[in-house]
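Q: Pasted the sequence and its predicted model underneath.
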Amino acid sequence: MRYDFIVIGGGIAGVSAAYRLIEHGTVLLLEMEQHPGYHSTGRSAAQFTKLYGNETIRALVRLSESFLLSPPAGFSDVPILTPRGAMFVGSASQKVALNEIKNMAAHEKCRFHELGVEDAREFVPVLKPEAFDSVVFEPESTDIDVHSLHGGFLKAFVGQGGDVICDAEVLAKQQVKDIWHVRTKSGSFEAPFVINASGAWGDVVAQRANVHRMGLTPKRRTVILFDPPSDVNIKNWPLVIDADENWYFKPEAGKVLASPADETPVEPCDAQAEELDIAYIVDAIERITTMKVGRISHSRAGLRTFLPDKTPVVGSAPDAEGFFWLVGQGGYGIETSPALGELASSLIVDEEVPARFIKEGFSIEDVSPERFFN
């Protein structure tokens, strides 16, 4: 069957691009699992913060904020962003890291407060006073409802006539007379444009099309959930994160979600939590707080896929006409998805960067796949 665009990958990158492209033609979204968003997107503990990532990432965050705050009517039945706050904590030896966070906040015109130990413990009373020295508090950081965001993109896409086929791992692709022929486990399809939004499998998909790989590295990230102390109300706790991002924890559905912020390079896979990483975060929680991690009610792992410069690649492959890259979002894919979907669609359809991106100081050279061909 022939389409105008085929998007490979049903995670947040793929659905945000498909959501934009359906306005310009027929679109097929291919997902290799039984349902979209199975891997990284569905396992994300996403937080919206302006104090994360390099300058390119932060520009994409700024460009995504208005959509996340006020999505189109009918996009979601609940707010995408809900108040949480983020508290970056550090010991005396981490003052450099905390100063970098403050400088970043000033650059981003992001409100922040410096807190002393006792002030921080007013917010999160389980913190051990001897475990940290000072805090940078970002009050406007929020939780992201990943399910509603991903589901909103997908619902709107299907509602406008987009097609979704699951259990459709791409086995081979071949370009014949400007048309890509894509063979999957669930059939063969054709389109002049193929968008590679397949996350950790991005280089695998490229290799099967004889397209130059980008050098993607999937990295495992572990999360555990456990019960908070029975005498403590955790509902309004902020995200608490180590200044050097060695661990973090926050409330989630009445439990404490915690992570060792691990970044272990792995092959593309259905990632599972490893005992060593679980032990590390349990130790960190019990060193930093008065909480005791008893029974772990749930553990999971996801893949955050990075390029060498920790910046996504968005653009047409220099060596393959009609093959478009949208990968390498790393740990920033959820909060940058509105902007990246818009950017990808504009580059594919209009062959230009949206004017508001340029006004924000965004440089397309920073995300171009050509930077890996020099």
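A: Structure received. Numbers count the residues shown, from 1 in each chain.
Q: What sits closest to the spatially most central residue of the chain if chain neighbours are left out?
A: For the chain, the residue nearest the mean C-alpha position is G333 (2.5 Å; CA atoms, centre = their mean). Once flanking residues are discounted, G333 sits nearest to I12: 5.4 Å by CB to CB, 6 or more residues apart in numbering. (Each C-beta comes from the backbone N, C-alpha and C, glycine too.)
Q: hang on, the earlier thing: and the residue nearest to the centre of the chain, helix, strand or coil?
A: Local secondary structure at G333 is given as helix here, using DSSP: H, G, I helix; E, B strand; the rest coil.
Q: That one against A13, yeah?
A: Yes. Between G333 and A13 there is a contact under CB atoms under 8 Å: 6.0 Å.
Q: what's the overlap in contacts for these two?
A: L340 (CB atoms under 8 Å, 6 or more residues apart in numbering).
Q: Please identify the buried residues of the helix or strand that contains F67?
A: Under the criterion of DSSP states H and E, F67 resides in helix 55-69. For helix 55-69, the neighbour count (16 or more other CB atoms under 10 Å) marks 56-65, 67-68 as buried.
Q: Tell me the one of these nearest L340?
A: Closest approach to L340 among those (CB to CB): L60, at 6.4 Å.
Q: ok, now which ones touch the closest one?
A: 312, 332, 336, 339-340, 362.
Q: for those, which one is nearest N236?
A: Distance to N236 across the contacts of L60 (CB to CB) is lowest for Y332, with 25.7 Å.
Q: can I assume the closest one is in contact with V61?
A: Yes. Applying CB under 8 Å, one finds Y332 in contact with V61, separated by 7.3 Å.
Q: Can you check which residues contact both of these two?
A: Common neighbours of Y332 and V61 (CB under 8 Å, 6+ apart) are 52-53.
Q: so where's the stretch 1-150 of the chain uncertain?
A: 38-43 (pLDDT under 70).
Q: What about T26, how many residues nearby?
A: 16 (other CB atoms under 10 Å).
Q: wouldn't it be in contact with F5 here?
A: Yes. At 7.3 Å, T26 counts as touching F5 under the criterion of CB under 8 Å.
Q: one step back: residues touching the residue nearest to G333, list them.
A: 37, 40-41, 146, 149-150, 153, 333-334, 337.
Q: Strands along the stretch 201-350 of the chain, start to end?
A: For the stretch 201-350 of the chain, the strands defined by DSSP state E, counting those that start in this stretch cover 217-226, 239-242, 248-252, 255-259, 264-265, 296-306, 313-316, 323-327.
Q: same question, the stretch 1-150 of the chain
A: Secondary structure of the stretch 1-150 of the chain (DSSP E, counting those that start in this stretch): strands at 5-8, 27-30, 47-48, 81-83, 86-90, 113-115, 134-138, 142-144.
Q: Quick one, which of those gets closest to T305.
A: strand 5-8 (14.2 Å).
Q: For the closest one, which helices and strands make contact with it?
A: Where contact means 3 or more CB pairs under 8 Å, 6 or more residues apart in numbering; DSSP states H and E, strand 5-8 is packed against helix 12-21, strand 27-30, strand 179-184, strand 187-191, strand 193-196.
Q: These: which one's closest to K128?
A: helix 12-21 (36.1 Å).
Q: about what we covered before: want to throw the buried residues of helix 55-69 into a markdown table with distance to M291?
A: Converted to a markdown table, these look like this (distance: CB to CB, whole Å):
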| residue | distance to M291 |
| --- | --- |
| T56 | 37 |
| I57 | 31 |
| R58 | 32 |
| A59 | 37 |
| L60 | 35 |
| V61 | 31 |
| R62 | 35 |
| L63 | 37 |
| S64 | 33 |
| E65 | 33 |
| F67 | 36 |
| L68 | 31 |
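Q: Among these, pick out the one closest to A197, please.
A: Distances from A197 to the buried residues of helix 55-69, taken by CB to CB, are shortest for L60, at 15.2 Å.
Q: Could you tell me how many residues sit around D4?
A: 16.
Q: and the residue nearest to it when sequence neighbours are not counted, what is it in contact with?
A: Using CB to CB, 6+ apart and skipping the chain neighbours, the partner closest in space to D4 is G25 (3.1 Å). Counting by CB under 8 Å, 6+ apart, G25 touches 3-5.
Q: Can you give me the distance of G25 to A273?
A: G25 is 41 Å from A273, where distance means CB to CB, to the nearest Å.
Q: likewise A45?
A: 13 Å.
Q: again, but for F132
A: Distance, F132 to A273, by CB to CB: 26 Å.
Q: cool, G37 as well?
A: 19 Å.
Q: which of these two has more neighbours?
A: Neighbour count, other CB under 10 Å: between G37 and A273, G37 has more, with 24 against 21.
Q: now that one, nearest residue through space, not along the chain?
A: In space, and not counting its chain neighbours, G37 is closest to H150: 5.0 Å by CB to CB, 6+ apart.
Q: Surely that neighbour and H35 touch.
A: No. Taking contacts as CB under 8 Å, H150 lies outside contact range of H35: 10.7 Å.
Q: and the residue nearest to V353 when sequence neighbours are not counted, how many neighbours?
A: Closest residue to V353 apart from its sequence neighbours, by CB to CB, 6+ apart: I364 at 5.1 Å. Residues lying near I364 (other CB under 10 Å) number 15.
Q: wouldn't E138 be in contact with E114 here?
A: No. Using CB under 8 Å, E138 makes no contact with E114, being 11.2 Å away.
Q: Next, count neighbours for A209.
A: 19.
Q: show me the contacts for it.
A: 172-175, 180, 194, 320, 323.
Q: distance of it from A73?
A: With CB to CB as the criterion, A209 and A73 are 38 Å apart.
Q: Same check on P129?
A: According to CB to CB, P129 stands 48 Å off from A73.
Q: who has more neighbours, these two?
A: Between P129 and A73, counted using other CB under 10 Å, the more crowded position is P129 (11 against 6).
Q: I'm done for today, thanks for sticking with me.
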